[in-house]
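A.B. asks: Only the shape, not the letters, is given here:
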(Lines give C-alpha, C1' and ligand atoms only; values in the text may rest on other atoms or scores of the structure.)
Protein backbone atom coordinates (compact mmCIF):
# COMPACT_ATOMS: atom_id res chain seq x y z
CA UNK A 1 0.00 0.00 0.00
CA UNK A 2 1.34 3.44 -0.95
CA UNK A 3 1.78 6.12 1.70
CA UNK A 4 0.03 9.48 1.80
CA UNK A 5 2.15 12.10 3.54
CA UNK A 6 -0.14 14.78 4.94
CA UNK A 7 2.01 17.85 5.66
CA UNK A 8 -0.18 20.08 7.81
CA UNK A 9 0.24 23.50 9.39
CA UNK A 10 -1.38 23.35 12.79
CA UNK A 11 -1.26 27.16 13.04
CA UNK A 12 -3.39 27.67 9.91
CA UNK A 13 -6.94 28.99 10.25
CA UNK A 14 -6.43 30.13 13.84
CA UNK A 15 -5.13 26.76 15.04
CA UNK A 16 -7.64 24.58 13.21
CA UNK A 17 -5.32 23.48 10.38
CA UNK A 18 -4.28 20.15 11.85
CA UNK A 19 -7.85 19.04 12.51
CA UNK A 20 -9.02 20.11 9.04
CA UNK A 21 -6.17 18.20 7.40
CA UNK A 22 -7.74 14.91 8.50
CA UNK A 23 -10.44 15.40 5.89
CA UNK A 24 -7.86 14.39 3.26
CA UNK A 25 -8.52 10.78 4.26
CA UNK A 26 -11.96 11.06 2.61
CA UNK A 27 -10.32 11.53 -0.80
CA UNK A 28 -6.94 9.76 -0.94
CA UNK A 29 -6.36 6.15 0.02
CA UNK A 30 -3.19 4.72 1.52
CA UNK A 31 -1.18 4.54 4.69
CA UNK A 32 -1.49 8.02 6.21
CA UNK A 33 1.58 9.72 7.64
CA UNK A 34 0.97 13.06 9.36
CA UNK A 35 3.80 15.59 9.66
CA UNK A 36 3.69 19.15 11.00
CA UNK A 37 5.27 21.01 8.08
CA UNK A 38 6.44 23.81 10.39
CA UNK A 39 8.67 21.26 12.16
CA UNK A 40 10.39 20.02 8.97
CA UNK A 41 13.76 21.78 8.86
CA UNK A 42 14.64 20.82 5.25
CA UNK A 43 11.62 20.22 3.03
CA UNK A 44 13.72 19.26 0.00
CA UNK A 45 15.63 16.62 1.96
CA UNK A 46 12.35 15.34 3.40
CA UNK A 47 10.80 14.92 -0.05
CA UNK A 48 13.95 13.34 -1.43
CA UNK A 49 13.61 10.56 1.14
CA UNK A 50 10.18 9.43 -0.07
CA UNK A 51 9.47 6.35 -2.16
CA UNK A 52 8.42 6.77 -5.80
CA UNK A 53 4.79 5.73 -5.18
CA UNK A 54 4.28 7.98 -2.14
CA UNK A 55 1.90 10.92 -2.40
CA UNK A 56 2.21 14.31 -0.66
CA UNK A 57 -0.61 16.60 0.45
CA UNK A 58 0.22 20.10 1.69
CA UNK A 59 -2.51 21.27 4.09
CA UNK A 60 -2.70 24.87 5.22
CA UNK A 61 -3.41 28.35 3.99
CA UNK A 62 -1.87 30.56 1.33
CA UNK A 63 1.20 31.20 3.48
CA UNK A 64 1.78 27.45 3.88
CA UNK A 65 1.66 26.58 0.19
CA UNK A 66 3.67 29.70 -0.70
CA UNK A 67 6.40 28.72 1.79
CA UNK A 68 6.39 25.18 0.36
CA UNK A 69 6.81 26.61 -3.16
CA UNK A 70 9.72 28.77 -1.99
CA UNK A 71 11.40 25.85 -0.23
CA UNK A 72 11.12 23.59 -3.30
CA UNK A 73 11.64 26.14 -6.09
CA UNK A 74 14.68 24.31 -7.51
CA UNK A 75 13.47 20.75 -6.86
CA UNK A 76 12.16 18.37 -9.51
CA UNK A 77 9.20 16.62 -7.92
CA UNK A 78 9.31 12.81 -8.02
CA UNK A 79 5.99 12.40 -6.21
CA UNK A 80 2.49 13.74 -6.81
CA UNK A 81 1.99 16.97 -4.85
CA UNK A 82 -1.54 17.85 -3.76
CA UNK A 83 -2.88 20.87 -1.92
CA UNK A 84 -5.83 20.91 0.44
CA UNK A 85 -7.01 24.31 1.78
CA UNK A 86 -6.99 24.65 5.56
CA UNK A 87 -6.43 28.39 5.87
CA UNK A 88 -8.59 31.40 6.58
CA UNK A 89 -8.30 33.14 3.19
CA UNK A 90 -7.54 30.25 0.81
CA UNK A 91 -7.10 32.58 -2.17
CA UNK A 92 -4.89 30.18 -4.11
CA UNK A 93 -7.48 27.42 -3.86
CA UNK A 94 -10.25 29.93 -4.59
CA UNK A 95 -8.78 30.16 -8.09
CA UNK A 96 -7.87 26.53 -8.81
CA UNK A 97 -10.66 24.66 -6.98
CA UNK A 98 -14.11 24.90 -5.46
CA UNK A 99 -14.04 26.28 -1.91
CA UNK A 100 -17.62 25.20 -1.27
CA UNK A 101 -16.62 21.58 -1.79
CA UNK A 102 -12.82 21.40 -1.41
CA UNK A 103 -10.88 18.30 -2.45
CA UNK A 104 -7.11 17.76 -2.75
CA UNK A 105 -5.86 19.21 -6.07
CA UNK A 106 -2.59 18.40 -7.88
CA UNK A 107 -0.47 21.57 -7.87
CA UNK A 108 2.94 20.84 -9.41
CA UNK A 109 2.18 23.02 -12.43
CA UNK A 110 1.09 25.95 -10.23
CA UNK A 111 4.05 26.08 -7.85
CA UNK A 112 6.86 25.93 -10.40
CA UNK A 113 8.36 28.82 -12.44
CA UNK A 114 6.75 31.38 -10.17
CA UNK A 115 7.49 35.11 -10.40
CA UNK A 116 10.00 36.49 -7.93
CA UNK A 117 10.06 39.62 -5.81
CA UNK A 118 13.10 41.30 -4.31
CA UNK A 119 12.50 43.04 -0.98
CA UNK A 120 15.24 44.56 1.19
CA UNK A 121 17.93 42.63 -0.65
CA UNK A 122 16.25 39.21 -0.40
CA UNK A 123 14.46 37.36 -3.22
CA UNK A 124 11.25 35.36 -2.77
CA UNK A 125 8.86 33.59 -5.12
CA UNK A 126 5.20 34.50 -4.79
CA UNK A 127 2.14 32.45 -5.51
CA UNK A 128 -0.76 34.92 -5.34
CA UNK A 129 0.53 38.43 -4.91
CA UNK A 130 2.73 41.00 -3.25
CA UNK A 131 0.73 43.49 -1.22
CA UNK A 132 2.13 46.92 -0.46
CA UNK A 133 0.33 49.64 1.42
CA UNK A 134 -2.76 49.24 3.52
CA UNK A 135 -2.90 45.48 2.81
CA UNK A 136 0.58 45.12 4.31
CA UNK A 137 -0.60 47.29 7.20
CA UNK A 138 -3.55 44.94 7.76
CA UNK A 139 -1.18 41.97 7.95
CA UNK A 140 1.05 43.86 10.38
CA UNK A 141 -1.87 44.70 12.70
CA UNK A 142 -3.24 41.16 12.36
CA UNK A 143 0.12 39.73 13.42
CA UNK A 144 0.17 42.03 16.45
CA UNK A 145 -3.34 40.99 17.49
CA UNK A 146 -2.45 37.32 17.07
CA UNK A 147 0.58 37.74 19.30
CA UNK A 148 -1.76 39.12 21.97
CA UNK A 149 -3.81 35.94 21.82
CA UNK A 150 -6.68 37.03 19.58
CA UNK A 151 -7.81 34.30 17.19
CA UNK A 152 -10.61 35.67 15.02
CA UNK A 153 -8.83 38.49 13.21
CA UNK A 154 -11.19 40.75 11.23
CA UNK A 155 -9.03 42.17 8.43
CA UNK A 156 -11.95 44.11 6.92
CA UNK A 157 -12.34 45.97 10.21
CA UNK A 158 -8.59 46.66 10.33
CA UNK A 159 -8.68 48.03 6.78
CA UNK A 160 -11.66 50.31 7.49
CA UNK A 161 -10.05 51.75 10.62
CA UNK A 162 -6.78 52.15 8.75
CA UNK A 163 -8.41 54.01 5.87
CA UNK A 164 -10.33 56.27 8.23
CA UNK A 165 -7.72 56.98 10.88
CA UNK A 166 -4.42 55.14 11.15
CA UNK A 167 -2.84 54.48 7.76
CA UNK A 168 -1.22 57.31 5.82
CA UNK A 169 -1.07 57.28 2.02
CA UNK A 170 2.24 57.80 0.19
CA UNK A 171 3.42 59.00 -3.19
CA UNK A 172 4.67 56.25 -5.46
CA UNK A 173 6.92 55.75 -8.47
CA UNK A 174 5.99 52.66 -10.47
CA UNK A 175 8.27 51.37 -13.23
CA UNK A 176 6.90 48.72 -15.58
CA UNK A 177 9.22 47.22 -18.21
CA UNK A 178 11.30 50.41 -18.13
CA UNK A 179 8.42 52.90 -18.34
CA UNK A 180 7.98 55.17 -15.32
CA UNK A 181 4.68 56.29 -13.82
CA UNK A 182 4.14 58.60 -10.83
CA UNK A 183 1.16 58.58 -8.49
CA UNK A 184 0.15 60.70 -5.52
CA UNK A 185 -1.64 59.68 -2.34
CA UNK A 186 -1.36 55.93 -2.99
CA UNK A 187 -3.17 53.65 -0.56
CA UNK A 188 -2.30 50.29 -2.05
CA UNK A 189 -0.04 49.02 -4.87
CA UNK A 190 0.00 45.21 -5.09
CA UNK A 191 1.52 43.12 -7.88
CA UNK A 192 -0.45 40.00 -8.74
CA UNK A 193 0.41 36.58 -10.14
CA UNK A 194 -3.04 35.17 -9.43
CA UNK A 195 -6.46 36.74 -9.40
CA UNK A 196 -7.22 36.73 -5.65
CA UNK A 197 -5.66 37.76 -2.38
CA UNK A 198 -6.72 39.04 1.04
CA UNK A 199 -9.61 36.61 1.46
CA UNK A 200 -11.36 37.12 -1.85
CA UNK A 201 -10.23 40.54 -3.06
CA UNK A 202 -9.63 40.80 -6.83
CA UNK A 203 -7.05 43.57 -7.34
CA UNK A 204 -6.33 42.77 -11.01
CA UNK A 205 -9.39 41.01 -12.47
CA UNK A 206 -7.73 40.24 -15.82
CA UNK A 207 -4.61 38.64 -14.36
CA UNK A 208 -4.14 35.05 -15.61
CA UNK A 209 -2.05 32.74 -13.47
CA UNK A 210 -1.26 30.19 -16.20
CA UNK A 211 -1.17 32.37 -19.33
CA UNK A 212 1.12 31.20 -22.15
CA UNK A 213 2.67 34.67 -22.42
CA UNK A 214 3.31 35.12 -18.72
CA UNK A 215 2.86 38.61 -17.26
CA UNK A 216 2.11 40.06 -13.84
CA UNK A 217 -0.13 43.01 -12.98
CA UNK A 218 0.30 45.97 -10.63
CA UNK A 219 -2.78 47.78 -9.36
CA UNK A 220 -2.42 51.32 -8.02
CA UNK A 221 -5.28 52.66 -5.89
CA UNK A 222 -4.69 56.31 -5.09
CA UNK A 223 -5.34 59.99 -5.64
CA UNK A 224 -8.39 60.23 -3.40
CA UNK A 225 -8.86 61.16 0.26
CA UNK A 226 -9.83 58.84 3.06
CA UNK A 227 -13.62 58.94 2.80
CA UNK A 228 -13.87 58.63 -1.00
CA UNK A 229 -11.33 55.81 -0.94
CA UNK A 230 -13.26 53.99 1.78
CA UNK A 231 -16.46 54.26 -0.26
CA UNK A 232 -14.79 52.89 -3.40
CA UNK A 233 -12.70 50.19 -1.71
CA UNK A 234 -15.41 47.48 -1.29
CA UNK A 235 -15.55 47.21 -5.09
CA UNK A 236 -12.26 45.31 -4.93
CA UNK A 237 -14.13 42.21 -3.72
CA UNK A 238 -15.91 42.00 -7.08
CA UNK A 239 -13.16 43.53 -9.23
CA UNK A 240 -15.38 46.54 -9.89
CA UNK A 241 -12.92 49.01 -8.35
CA UNK A 242 -11.02 49.13 -11.66
CA UNK A 243 -13.86 51.22 -13.10
CA UNK A 244 -12.96 54.08 -10.74
CA UNK A 245 -10.67 56.92 -11.80
CA UNK A 246 -8.56 56.34 -8.70
CA UNK A 247 -7.44 52.90 -9.94
CA UNK A 248 -4.79 52.07 -12.53
CA UNK A 249 -3.77 48.53 -13.56
CA UNK A 250 -0.55 48.01 -15.55
CA UNK A 251 0.69 44.67 -16.90
CA UNK A 252 4.29 43.72 -17.52
CA UNK A 253 7.17 41.37 -16.85
CA UNK A 254 9.25 43.60 -14.59
CA UNK A 255 7.48 45.82 -12.04
CA UNK A 256 9.14 48.06 -9.49
CA UNK A 257 7.16 50.03 -6.91
CA UNK A 258 8.80 52.71 -4.77
CA UNK A 259 7.05 54.59 -1.95
CA UNK A 260 8.35 57.87 -0.53
CA UNK A 261 8.11 56.45 2.99
CA UNK A 262 8.51 52.99 4.54
CA UNK A 263 5.38 50.85 4.72
CA UNK A 264 4.66 47.21 5.55
CA UNK A 265 4.52 44.69 2.72
CA UNK A 266 3.10 41.19 2.55
CA UNK A 267 4.01 38.25 0.32
CA UNK A 268 1.15 35.73 0.24
CA UNK A 269 0.21 36.86 3.74
CA UNK A 270 3.73 36.90 5.23
CA UNK A 271 4.58 40.37 6.56
CA UNK A 272 7.78 42.36 6.01
CA UNK A 273 8.04 45.70 7.82
CA UNK A 274 9.54 49.07 6.87
CA UNK A 275 9.75 48.52 3.11
CA UNK A 276 10.46 51.43 0.75
CA UNK A 277 10.40 49.47 -2.54
CA UNK A 278 9.97 46.08 -4.14
CA UNK A 279 10.75 44.68 -7.59
CA UNK A 280 8.74 41.80 -9.06
CA UNK A 281 9.79 39.85 -12.15
CA UNK A 282 8.50 37.07 -14.32
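C.D. replies: Arrived safely. Predicted model, so just to flag it, every value in this text is computed and none were measured.
A.B. asks: Tell me where the stretch 101-250 of the chain has helices.
C.D. replies: 134-147, 155-161, 226-232 (DSSP state H, counting those that start in this stretch).
A.B. asks: and those helices, which one's lowest on average pLDDT?
C.D. replies: Lowest mean pLDDT within the helices of the stretch 101-250 of the chain: helix 155-161, a mean of 85.
A.B. asks: in its sheet, what does the helix or strand hosting residue 280 sit against?
C.D. replies: In this structure, residue 280 sits in strand 270-281 according to DSSP states H and E. Using DSSP bridges, the strands paired with strand 270-281 in its sheet are strand 116-119 (antiparallel), strand 254-267 (antiparallel).
A.B. asks: Among those, show me which one is buried the most.
C.D. replies: Most buried of the strands paired with strand 270-281 by mean neighbour count (mean count of other Cβ atoms under 10 Å) is strand 254-267; its value is a mean of 21. For every residue, glycine as well, the C-beta is placed using N, CA and C.
A.B. asks: Residue 105 versus residue 216, what's the distance?
C.D. replies: For residue 216, the distance to residue 105 (Cβ to Cβ, to the nearest Å) stands at 23 Å.
A.B. asks: Tell me which of the helices of the stretch 101-250 of the chain sits nearest to residue 10.
C.D. replies: When the helices of the stretch 101-250 of the chain are compared by Cβ to Cβ, helix 134-147 sits nearest residue 10, at 14.2 Å.
A.B. asks: Output the contacting helices and strands for the closest one.
C.D. replies: Judged by 3 or more Cβ pairs under 8 Å, 6 or more residues apart in numbering; DSSP states H and E, helix 134-147 is in contact with helix 155-161, strand 179-188, strand 254-267, strand 270-281.
A.B. asks: so how far is the first one off the chain centroid?
C.D. replies: Relative to its parent chain, helix 155-161 has a centroid offset of 18 Å by Cα atoms, centre = their mean, to the nearest Å.
A.B. asks: Likewise for stretch 5-25?
C.D. replies: On Cα atoms, centre = their mean, the centre of stretch 5-25 falls 18 Å from that of its chain.
A.B. asks: and that stretch, which residues are buried?
C.D. replies: 5-13, 17-18, 20-21, 24 (16 or more other Cβ atoms under 10 Å).
A.B. asks: And stretch 236-246, by the same measure?
C.D. replies: By neighbour count, with 16+ other Cβ under 10 Å as the criterion, the buried positions of stretch 236-246 are 236, 239, 241-242, 244, 246.
A.B. asks: Would you mind giving those residues as CSV with distance to residue 129 and pLDDT added?
C.D. replies: Shown next, in CSV, are these (distance: Cβ to Cβ, whole Å; pLDDT from 0 to 100):
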residue, distance to residue 129, pLDDT
236, 12, 93
239, 14, 94
241, 15, 95
242, 15, 95
244, 20, 95
246, 19, 96
